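Peer 1: model this:
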Amino acid sequence: MGVTQEAAPPSDASGHGLVRRTVTAALPLYLTMLASTAGGLVDTAVLGRHATASLAAFALTMAVYTPATATVAGAMRGVMPFVAAHDDDPDALEPVVRDGMWLGIGTGLLGALAVGAVPIIGLVAGVPQGTLTELGPLPLLLSASVLVAAVGNAATSTLVGLGRSKLVMRAGTTGTAAAVVLSLTLVSGIGPFDGLGLAGAGIAMLVSSLISATVAHWGLRRSSVLAGRSLSLGRPDVRAVLRLAGVGVPLAATVLIKFAVLGVLSIAAARVGTVSVAAHSIAVSLVGLMFTAAVAIGQATIPLMAPYLKAKDVRGLRAGVRAGVKTALGAVLLLGGVLTVLREPVLSLFTHDPAARDQVLALLPVVLLVVVTDALQAVFGFGLVAIRDTVPSLLAFALCYGLLAVAAVPLSALGGLTALWLALLAANTVLVVGQAGFFHQRSGRLTGPRPRSA
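Peer 2: Coordinates of the predicted model:
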């Protein structure tokens, strides 16, 4: 008589080892996001110095470009768990990579259409004709940039799923460096070259996307798992692409909901007054700089959890998410502590208006709590991504942020900016509970069969 057992689950699921591996994988991703944010600030600064009309046209286009690219990136995150599941099997991984590229092309085309329609959107929204005239070729250039970035995201999402975050950093920082150099050169010119103004900024962003995508695909083709593989597109497997979309599209919709509701909050802050909307904008920027750490950490946990998913090891999956939670908490508390200590010089980078600065300082405790809760819900959300079950996140966001959108204007009228941010904190807190509950419930369904005796 013998005993037949399942393959042993992955080795140690202890906290310290997982936290260390999470930090190692997440740090390059976070640095990449910070570099990209800094590159975007250079564009804004250069155009502001060039001409106010150019900056206004750029801001209008970015109001569509930023959520479009974020939505595409959200959709492509759905590829990561499928990649991580085949990180040691190139024959199984190759079709997943191709299907991911087709998903990137499809979502990229939709994003490109949205950005290309900026002149029409501006016209319908009542944007002054002078700003619309100033747009020139920028919407078309950034429309192409969205599509190129989507193809690049197909490669970077695959690299994240394989745990190759350093290659992602190489692609991102190379593209950002090119964007900064080209923006400084093409917008205002250098030497006898007069510069191209707004069109120069668009060219810089498109070339940056091309460089990032090229470096990412080069790194993917040279990775140990896929070395020597052609990775040509071939014909799309519609069912396989739809399977990827089943995870990625709810993520994209979640991103859209978050962007839309944050826009409603900005409108509510603007109704309070000029100083309040300035303070709100600064606070949102500070939250973004800290929250990206949680996004990087959440993505880094996906390949670390893949072995536990294969083994249907629920304890290991939950340990992976706990490691992400500990890492995210440590990161945002560290960044929040630095911000608290250096609050005066940091805020001086954003504004010289003492009234706006005082409002941000008064809000700072609530802002830091918002970051903590947002980071926690994000990590649990990425836990759901890892187990390929993202619809619960979409439902939780639709409910919590939907209620927040409805309450934003009345709350701001009653209690100003403080009431608005307390409402955001409440929504994020409920999201933490919801995302954690959904992850615990859905991961519990993955328990494998008990060993059978023969």
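Peer 1: A319 contacts L18, correct?
Peer 2: Yes - using C-beta atoms under 8 Å, A319 makes contact with L18 at a distance of 6.1 Å. All C-beta spots, glycine's among them, are computed from the backbone N, C-alpha and C.
Peer 1: out of the two, which sits in the more crowded spot?
Peer 2: Neighbours were counted for A319 and for L18 using other C-beta atoms under 10 Å; L18 has more, 23 against 20.
Peer 1: Which residue ranges of the stretch 301-450 of the chain form helices?
Peer 2: Secondary structure of the stretch 301-450 of the chain (DSSP state H, counting those that start in this stretch): helices at 314-341, 343-348, 354-386, 391-444.
Peer 1: by contact count, what packs against the last one?
Peer 2: Counting contacts by 3 or more C-beta pairs under 8 Å, 6 or more residues apart in numbering; DSSP states H and E, the secondary-structure elements packed against helix 391-444 are helix 238-272, helix 274-310, helix 314-341, helix 354-386.
Peer 1: With the third one instead?
Peer 2: Applying 3+ C-beta pairs under 8 Å, 6+ apart, one finds that helix 354-386 contacts helix 80-84, helix 238-272, helix 274-310, helix 314-341, helix 343-348, helix 391-444.
Peer 1: Could you rerun that using 7 Å?
Peer 2: helix 80-84, helix 274-310, helix 314-341, helix 343-348, helix 391-444 (3 or more C-beta pairs under 7 Å, 6 or more residues apart in numbering; DSSP states H and E).
Peer 1: quick revisit: most tightly surrounded among the helices of the stretch 301-450 of the chain?
Peer 2: Highest mean neighbour count among the helices of the stretch 301-450 of the chain (mean count of other C-beta atoms under 10 Å): helix 354-386, with a mean of 22.
Peer 1: Nearest residue to F382 in space, ignoring adjacent ones along the chain?
Peer 2: In space, and not counting its chain neighbours, F382 is closest to G298: 3.1 Å by C-beta to C-beta, 6 or more residues apart in numbering.
Peer 1: List the contacts of F259.
Peer 2: By C-beta atoms under 7 Å, 6 or more residues apart in numbering, F259 lies in contact with P67, A70.
Peer 1: one step back: for L231, which of the helices of the stretch 301-450 of the chain is the nearest?
Peer 2: Of all those, helix 354-386 sits nearest to L231, with 23.4 Å by C-beta to C-beta.
Peer 1: Tell me how far the residue nearest to the spatial centre of the chain lies from R235.
Peer 2: By C-alpha atoms, centre = their mean, the chain has its centre lying nearest to A70, at 5.8 Å. Per C-beta to C-beta, to the nearest Å, A70 is found 30 Å from R235.
Peer 1: out of the helices and strands packed on helix 354-386, nearest to P119?
Peer 2: Shortest distance between P119 and the helices and strands packed on helix 354-386, using C-beta to C-beta, is found for helix 274-310: 25.2 Å.
Peer 1: which parts of that closest one are buried?
Peer 2: If you call a residue buried by 16 or more other C-beta atoms under 10 Å, then helix 274-310 has these buried ones: 275-284, 286-287, 290-310.
Peer 1: what about the nearest residue to D237 once chain neighbours are set aside, how many neighbours?
Peer 2: Spatial nearest neighbour of D237, excluding adjacent residues (C-beta to C-beta, 6+ apart): D99 at 5.8 Å. Counted with other C-beta under 10 Å, the neighbours of D99 add up to 25.
Peer 1: does D99 really touch A240, like I thought?
Peer 2: Yes - D99 lies in contact with A240 (C-beta atoms under 7 Å); the separation is 4.4 Å.
Peer 1: Quick check: A216 touching G172?
Peer 2: No - applying C-beta under 7 Å as the test, A216 and G172 come out as separate, 8.3 Å apart.
Peer 1: With distance to L251 and mean pLDDT as extra columns, can I get the helices of the stretch 301-450 of the chain in CSV?
Peer 2: Shown next, in CSV, are these (distance: least, C-beta to C-beta, whole Å; pLDDT from 0 to 100):
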stretch, distance to L251, mean pLDDT
helix 314-341, 16, 92
helix 343-348, 31, 84
helix 354-386, 7, 92
helix 391-444, 7, 94
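Peer 1: Quick one: mean pLDDT over stretch 236-255.
Peer 2: The pLDDT scores in stretch 236-255 average 92.
Peer 1: List the buried residues for it?
Peer 2: Residues of stretch 236-255 classed as buried: 236, 240-241, 243-245, 247-255 (neighbour count, 16+ other C-beta under 10 Å).
Peer 1: For the stretch 1-150 of the chain, give me the ranges with low pLDDT.
Peer 2: Across the stretch 1-150 of the chain, the ranges flagged by pLDDT under 70 are 1-15, 41, 43-45, 47-52.
Peer 1: For it, just list every one of the helices.
Peer 2: Remark: helices assigned in the stretch 1-150 of the chain by DSSP H, counting those that start in this stretch are 15-50, 52-77, 80-84, 90-116, 118-124, 129-134, 138-161.
Peer 1: Just the CA atoms of the next helix or strand along the chain from the last one, as CSV, please.
Peer 2: The one in question is helix 138-161. Later in the chain than helix 138-161, the nearest helix or strand by DSSP states H and E is helix 165-186. C-alpha atoms of helix 165-186 as CSV (Å, rounded to 0.1, in the frame of the first residue of the first chain):
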residue,chain,number,x,y,z
SER,A,165,11.3,44.5,-11.8
LYS,A,166,14.8,45.7,-12.5
LEU,A,167,14.2,45.4,-16.3
VAL,A,168,11.0,47.4,-15.8
MET,A,169,13.0,50.1,-14.0
ARG,A,170,15.6,50.1,-16.9
ALA,A,171,12.8,50.6,-19.5
GLY,A,172,11.0,53.3,-17.5
THR,A,173,14.0,55.4,-16.4
THR,A,174,15.5,55.3,-20.0
GLY,A,175,12.2,56.6,-21.4
THR,A,176,11.9,59.2,-18.7
ALA,A,177,15.4,60.5,-19.2
ALA,A,178,14.8,60.8,-23.0
ALA,A,179,11.6,62.7,-22.3
VAL,A,180,13.3,65.2,-20.0
VAL,A,181,16.2,65.8,-22.5
LEU,A,182,13.8,66.1,-25.4
SER,A,183,11.4,68.4,-23.6
LEU,A,184,14.1,70.8,-22.6
THR,A,185,15.4,70.8,-26.2
LEU,A,186,12.3,70.7,-28.3
